[in-house]
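Let's see this in three dimensions:
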Amino acid sequence: MSTVATLLQEKINNKTKPLGSLGELERIALQAGIIQDSIHPVINRPTIVVFAGDHGISETGLVNPFPQSITGQMVYNFIRGGAAINVFCRQNGIDLKVVDAGVKGDFSDIISHPQFISAKINHGTRNYLEEAAMTFEETERAIGYGRSIVEHLVAEGSNCMGFGEMGIGNTSSASLLMAAITHTPLEKCVGKGTGADEKQLATKKATLEAVFEKHRNVISLQSPIKTLQYLGGYEIAMMVGAYLAAAEHKVIIVVDGFISTAALLVAHAMQPSVLNNCLFAHASGEQGHQRMLHYLNAKPLLNLGLRLGEGTGAALAMPLLYAAVNFVNEMASFEDAGVSRQ
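Predicted coordinates:
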């Protein structure tokens with residue numbers, strides 16, 4: 001255990017409470033201090049970044065019950081403040097940024113909005129039933145944009161971030177990435193997404209099995225960036241870059257649900273130490289997420305049956321981080337309060 005970890009654990013143990021009685025809050029406080037290399041951890045300008053992108057496979061209707069156009073419509077809903085993530089961010093004092101990573105459509109009318117970030121790589125990925133979802137250059141560029149966005153937010157003072165996503169069809173990419181990286185059978189990775197019925201789920205599974213088989217030679221290379229190129233999406237690739245940069249800048253990362261964790265699987269495969277900065281907001285209702293969490297040896301803070309994405313789970317969990325650092329910094333010690341330990 002590092003010096004900071006030892007000193008911070010002593011500080012936590014010396015608060016006016018029985019040892020360990022604040023449960024998970026004590027674990028959060030200790031991890032936050034280790035990330036920040038401080039026995040006085042703080043949360044500054046917590047931010048949710050929602051990365052949005054479209055997927056070529058969605059134009060076929062084989063994996064998604066909703067039309068691809070919903071992605072662009074939801075970007076406008078985010079900017080107008082009407083989505084669930086807007087509600088939770090307002091409620092909890094969290095900054096929100098919305099990134100056009102590769103949505104099919106033109107957003108020139110909102111490009112100057114303070115919450116909007118234009119980082120479009122293309123108008124949706126290619127259909128991975130036929131070819132790689134992205135070119136290698138696009139994949140690298142998307143990762144670079146994700147890095148730059150986080151570095152800009154760090155420069156503005158944020159030290160705690162959650163990464164959400166919006167993209168019709170992106171649970172399919174997440175399932176494929178999960179199967180490729182964790183070597184879990186694909187059928188155990190594919191879920192209903194947002195709203196598929198049993199018939200649609202069967203079609204989705206059959207379609208993704210065909211995709212997996214088509215790109216099996218690439219998957220067998222066990223190269224995380226090549227796997228991302230062939231099976232991922234622009235918003236997922238940007239999240240990969242965001243995770244890597246956030247860890248490098250000592251940011252506390254609050255990991256959201258299924259798709260966000262799939263991006264983390266790729267980042268973890270590229271740089272395993274990224275996990276040291278991660279707190280896991282919740283266990284998603286999407287099949288596969290529990291297995292992802294088990295693979296990463298992660299313990300989620302909430303279990304609310306969420307399956308919306310957008311970073312909503314991260315936004316709901318962030319107040320727990322405030323509670324954790326606040327008790328460390330504000331709660332009296334036994335000596336301060338004149339309270340006997342026995």
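
only C-alpha atoms for contact and neighbour calcs from this point on.
OK.

Report the contact partners of the residue most central in space within the chain.
Centroid-nearest residue in the chain: residue 260, 3.2 Å away (criterion: CA atoms, centre = their mean). Neighbouring residues of residue 260 by CA atoms under 8 Å, 6 or more residues apart in numbering: 163, 164, 165, 236, 239.

which other helices and strands contact whichever strand or helix holds the last one?
Okay, so that is residue 239. When secondary structure is defined using DSSP states H and E, the element that contains residue 239 is helix 234-248. Helix 234-248 is packed against strand 47-53, strand 95-102, helix 136-155, strand 160-166, strand 252-255, helix 258-270, with contacts defined by 3 or more CA pairs under 8 Å, 6 or more residues apart in numbering; DSSP states H and E.

one more time with 6 Å
Secondary-structure packing of helix 234-248 (3 or more CA pairs under 6 Å, 6 or more residues apart in numbering; DSSP states H and E): strand 47-53, strand 95-102, helix 136-155, helix 258-270.

Determine how far the last residue of stretch 119-138 lies from the first.
Between the start and the finish of stretch 119-138 there is a gap of 12 Å, counting by CA to CA, to the nearest Å.

Now do it: distance to the chain's middle.
Its chain's C-alpha centre lies 21 Å from the corresponding centre of stretch 119-138 when counted by CA atoms, centre = their mean, to the nearest Å.

Give the buried residues for the helix holding residue 239.
Within helix 234-248, the residues that qualify as buried by neighbour count (16 or more other CA atoms under 10 Å) are 234-247.

what angle separates it from strand 95-102?
Counting by axes from the mean of the first three to the mean of the last three CA atoms, to 10 degrees, helix 234-248 points 130 degrees away from the direction of strand 95-102.

Sketch out the helices for the stretch 1-150 of the chain, chain order is fine.
For the stretch 1-150 of the chain, applying DSSP state H, counting those that start in this stretch gives helices covering 3-13, 24-36, 69-80, 84-92, 136-155.

and those, which is most packed in?
With neighbours taken as mean count of other CA atoms under 10 Å, the helices of the stretch 1-150 of the chain reach their highest mean count in helix 24-36, at a mean of 21.

Could you export that one as CSV, CA atoms only?
Once side chains and other backbone atoms are set aside, the C-alpha atoms of helix 24-36 remain, and they are given as CSV (Å, rounded to 0.1, in the frame of the first residue of the first chain):
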residue,chain,number,x,y,z
GLU,A,24,-18.7,1.5,0.2
LEU,A,25,-18.3,5.2,0.9
GLU,A,26,-15.0,4.3,2.6
ARG,A,27,-13.8,2.4,-0.4
ILE,A,28,-14.8,5.2,-2.8
ALA,A,29,-13.0,7.8,-0.6
LEU,A,30,-9.8,5.7,-0.5
GLN,A,31,-9.8,5.1,-4.2
ALA,A,32,-10.4,8.8,-4.9
GLY,A,33,-7.5,9.8,-2.7
ILE,A,34,-5.2,7.2,-4.3
ILE,A,35,-6.2,8.5,-7.8
GLN,A,36,-5.5,12.1,-6.8
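
residues touching the closest residue in space to residue 145 that isn't next to it in sequence, list them.
Excluding the flanking residues, the one nearest residue 145 by CA to CA, 6 or more residues apart in numbering is residue 238, at 6.2 Å. Residue 238 sits next to 142, 143, 146 when contact means CA atoms under 6 Å, 6 or more residues apart in numbering.

which one of those residues sits closest to residue 104?
Nearest to residue 104 out of those is residue 142 (CA to CA; 15.6 Å).

if I pick the closest residue to residue 42 other than its chain neighbours, what's in contact with it?
Distances taken as CA to CA, 6+ apart place residue 325 nearest to residue 42, at 6.0 Å, with adjacent residues excluded. Applying CA under 6 Å, 6+ apart to residue 325 gives the contacts 29, 41, 42.

Give me the pLDDT for the first one.
Meaning residue 29. Model confidence at residue 29, given as pLDDT, is 98.

about what we covered before: may I see the buried residues of the helix or strand containing the residue nearest to residue 42?
When elements are assigned from DSSP H and E, residue 325 belongs to helix 312-330. Applying a neighbour-count criterion of 16+ other CA under 10 Å, the buried positions in helix 312-330 are 312-318, 320-322, 324-329.

pretty sure residue 8 is touching residue 39, no?
Yes: under the criterion of CA atoms under 6 Å, residue 8 makes contact with residue 39 at 5.0 Å.

could you give the angle of the helix holding residue 325 to strand 95-102?
Calculated by the same axes, to 10 degrees, helix 312-330 forms an angle of 140 degrees with strand 95-102.

avg pLDDT for helix 312-330?
98.

and the residue nearest to residue 145, how far is that from residue 295?
22 Å.
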